[in-house]
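Novice: Give me a 3D structure for the following:
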Amino acid sequence: MAGFFSKLLGKSGDEAEAVRPSSGDPFDMDWGSGAEEDAVIYQVSSVLFRYPSEEIRQTIPELLELAHRIDNPAFVEAVEQIRDWYASAPLEKIAAEYVQEYDLSRRHALHLSYWTEGDTRRRGEALGRFKKMYRDSGMVTDLHGELPDYLPLVLEFAALIDRKSGRAALQAYRPSLELLRLALRDDKLAFHGLVECICATLPGESPEDVQHIQKLAGFGPPTEQVGLGASDPRLLPLLQPQSGAHR
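Specialist: Residues are numbered from 1 along each chain as shown. Below you'll find the model as predicted:
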C-alpha cells in the first residue's frame, strides 16, 4: 500500500476565502482545498476508523510513517494512540470494543447526519445530499454497504476524489464532528486524537464544550423526532457557514 498512500503527499491544496453559495446549501460552500497535508490526515484516519482487522493492524506502521512525513506531531500522537490500542488486547477483543462503542452506542456515532437529524425523516434528505456529492464528482463511489454519511467514507472522498467538496461536507457537519470529539475525549477513547486533528484542518476554532457547539450551530431540535427526544443535544441543525469563519 506504500505507493497508494504516497500519492497523497503529491496533492496540492490552497486555503481560500469562504464564498457563500447562491443555493444556500452548505455543501456548495467554497472553503478551499486546505493544506496538502490534510489529504494524508483524511485518508489515514479513514483507514483507522474502520472496523478492526488484521489488515489494518499490519498497515499501522506504514500509516505511522506517513504521519511522521507531514510534520504534524499531534497527528503522529493520534496514530500512535490507535497503534497502542491495537497492541493492548487480542484483535477479537478490540473488534468487540469497536462494535460496542461505535456501532451499538449512539454516543460515538460515526454517521455524521445522525448527530444532526437523529432518527427523523429529515435524515433521508441529509443522506441524499451526501449521495449527490458523490454522484456529482463523476466517480464511482463504493459505499461498502455503509450509509453515505459514514465518516470514513467522507474522509476517503475528501482525500482521494475531491478535497474541496469533501471539506465543505465536513464543515457543513462540523457540529457532528465536534460533538463526537468531545464524547471521545470524555470517554478517553483512542479515536479522540484523530477527530481532533480532522477538526483542526477545518476553518475556525473548535469549541470547548457542548454549549459552545450548540451556540455555534444555532441549536434548535427538529420539529419531528423519531427515536430521540426533543432535548437531545445531538439534534442540531446543519452548521450554516458564517462569512468570517475561516482561518
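Novice: residue ranges of the helices in the chain, please?
Specialist: Under the criterion DSSP state H, helices of the chain are mapped to 2-6, 38-49, 54-69, 73-87, 91-98, 112-117, 122-136, 151-160, 163-172, 174-186, 192-200, 210-217.
Novice: mean pLDDT lowest for which of those?
Specialist: Ranked by mean pLDDT, the helices of the chain end with helix 2-6 at the bottom, a mean of 39.
Novice: confidence score at the residue located most distally from the centre of the chain?
Specialist: No residue in the chain has its C-alpha farther from the mean C-alpha position than Pro90, which lies at 26.8 Å (CA atoms, centre = their mean). pLDDT, Pro90: 98.
Novice: ok, it to Pro52 distance?
Specialist: According to CB to CB, to the nearest Å, Pro90 stands 11 Å off from Pro52. Every C-beta, even on glycine, is put in place using the N, C-alpha and C of the backbone.
Novice: again, but for Thr59
Specialist: For Thr59, the distance to Pro52 equals 12 Å [CB to CB].
Novice: swap in Val79?
Specialist: Taken as CB to CB, the span from Val79 to Pro52 is 15 Å.
Novice: Of those two, give the one with the bigger neighbour count.
Specialist: Under the criterion of other CB atoms under 10 Å, the comparison of Val79 against Pro52 puts Val79 first, with 25 against 20.
Novice: In contact with the closest residue to Phe157 other than its chain neighbours, which residues?
Specialist: Beyond its immediate neighbours in the sequence, the residue positioned closest to Phe157 (CB to CB, 6 or more residues apart in numbering) is Gly166, lying 4.8 Å away. If a contact means CB atoms under 8 Å, 6 or more residues apart in numbering, then Gly166 has Tyr42, Met133, Val154, Leu155, Phe157, Ala158, Ala159 as its contacts.
Novice: Next: Leu170.
Specialist: Under the criterion of CB under 8 Å, 6+ apart, the contact partners of Leu170 comprise Val154, Leu155, Ala158, Leu177, Ile198, Leu202.
Novice: just Pro152 next, same as before
Specialist: For Pro152, the residues meeting the contact criterion (CB under 8 Å, 6+ apart) are Ser45, Ser46, Val47, Phe49, Arg50, Leu110, Glu146.
Novice: burial count for the fourth one?
Specialist: Right, the one you point to is Phe49. The burial metric for Phe49, expressed as a neighbour count using other CB under 10 Å, is 22.
Novice: Now it. Nearest residue, chain neighbours left out?
Specialist: Across the structure, with CB to CB, 6+ apart as the measure, the residue nearest Phe49 apart from its sequence neighbours is Pro152 (4.4 Å).
Novice: Please report the distance of the residue nearest to Phe157 from Pro90.
Specialist: Computed with CB to CB, the distance linking Gly166 and Pro90 is 34 Å.
Novice: try Gly138
Specialist: In terms of CB to CB, Gly138 sits 43 Å off from Pro90.
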